[in-house]
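*Asks:* structure, please.
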Amino acid sequence: MDVNTTSLGKAYGIPPDNPFVGKRGLDEIWAYGFRNPFRFSFDMKDGHRLFGMDAGQSRYEEIDLVEKGGNYGWNVKEGTECFNAANEFAEVQNCPDVDAFGNRLIDPVIQVKNWLNPEGGGRATTIIGGNVYRGNDLHGLEGKYIFGTFSQTPTTPNGELFIANPHGPSLWDYQEIELASHPGDIGYYLKGFGQDLEGEMYLAVSSRLGPAGNTGKILKLVMVKDKKDNDDKSLDDKDK
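*Replies:* Below you'll find the predicted structure:
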């Protein structure tokens, strides 16, 4: 949407190159096939790629690299797997790879198991989309995508941070970031990420599940320095 113009009685304009302008479908739509998008971000470099987090049902959480006019699968797919509308915990075989109009169903670039996934191994109540790191303080992380999870169960304030190395259209490998200040997890519910004009990363966290209380904090990701040789050793979060 173009917030600097108005059209057809709306408080915004619609760019003429949107994928559904002059076609069937709302002119405002840029991409579709999401279940519950939450936290988008643009890469500050590399063509300003658009990253979108999509909260899954009960099996998988996902991060998508969003393209103009793309169909990201819901509710035919949850992550890379077929979604069973009759039983959200059961698998479905022979999943289609295109929609009813012949458009390709685009798989995510990052997939994380939901804590309810019956296959086990899930530690995410929901995924929290982050940013591609473009700062200078976290040595060796330039161009890496940092994201996290809200918590590991609905009642435990123990979100986690992860880092992935962006590459092609297949699923990206990722690994957990261990914080020097709180090894194992963040120690809070992770509500969102922020990025300043220099590309440094911030976390919005709270000890409370919902929007209540006064435990909310903004933390900055920083590198811990070794007292002996002053070399960067590990990541930490710092109150702001």
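
*Asks:* tell me the secondary structure at residue 61.
*Replies:* strand (DSSP: H, G, I helix; E, B strand; the rest coil).

*Asks:* where does it land on pLDDT?
*Replies:* Listed pLDDT for residue 61 reads 97.

*Asks:* tell me the spacing between it and residue 129.
*Replies:* Using C-beta to C-beta, to the nearest Å, residue 61 is found at 10 Å from residue 129. Backbone N, C-alpha and C define where each C-beta goes, glycine included.

*Asks:* those two: which is more packed in?
*Replies:* Comparing residue 61 with residue 129 by other C-beta atoms under 10 Å, the one with more neighbours is residue 61, at 30 against 25.

*Asks:* pretty sure that one contacts residue 116?
*Replies:* No: contact criterion C-beta atoms under 8 Å: residue 61 and residue 116 do not qualify, at 10.8 Å.

*Asks:* would you mind giving the domain segments of the chain?
*Replies:* Split into domains by automatic domain parsing, the chain comes to 1-30, 37-67+107-239.

*Asks:* could I get those domains as JSON lines with distance to residue 91?
*Replies:* Shown next, in JSON lines, are these (distance: least, C-beta to C-beta, whole Å):
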{"stretch": "domain 1-30", "distance to residue 91": "30"}
{"stretch": "domain 37-67+107-239", "distance to residue 91": "9"}
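
*Asks:* figure out which of those domains is closest to residue 100.
*Replies:* Between residue 100 and those, the tightest spacing by C-beta to C-beta is seen for domain 1-30, at 12.1 Å.

*Asks:* low-confidence ranges, this protein, go.
*Replies:* 226-234, 240 (pLDDT under 70).

*Asks:* and the residue most central in space within the chain, how far from residue 116?
*Replies:* With distances taken as C-alpha atoms, centre = their mean, the residue of the chain nearest its centroid is residue 129 (2.2 Å). Applying C-beta to C-beta, the value for residue 129 to residue 116 is 20 Å.

*Asks:* residue 78 too?
*Replies:* 12 Å.

*Asks:* please apply the same query to residue 142.
*Replies:* 35 Å.

*Asks:* quick one: the strands in the protein?
*Replies:* Assigned by DSSP state E, the strands in the chain fall at 37-42, 50-54, 60-66, 77-78, 81-82, 110-113, 127-132, 145-149, 161-164, 174-177, 189-195, 201-206, 217-225, 232-239.
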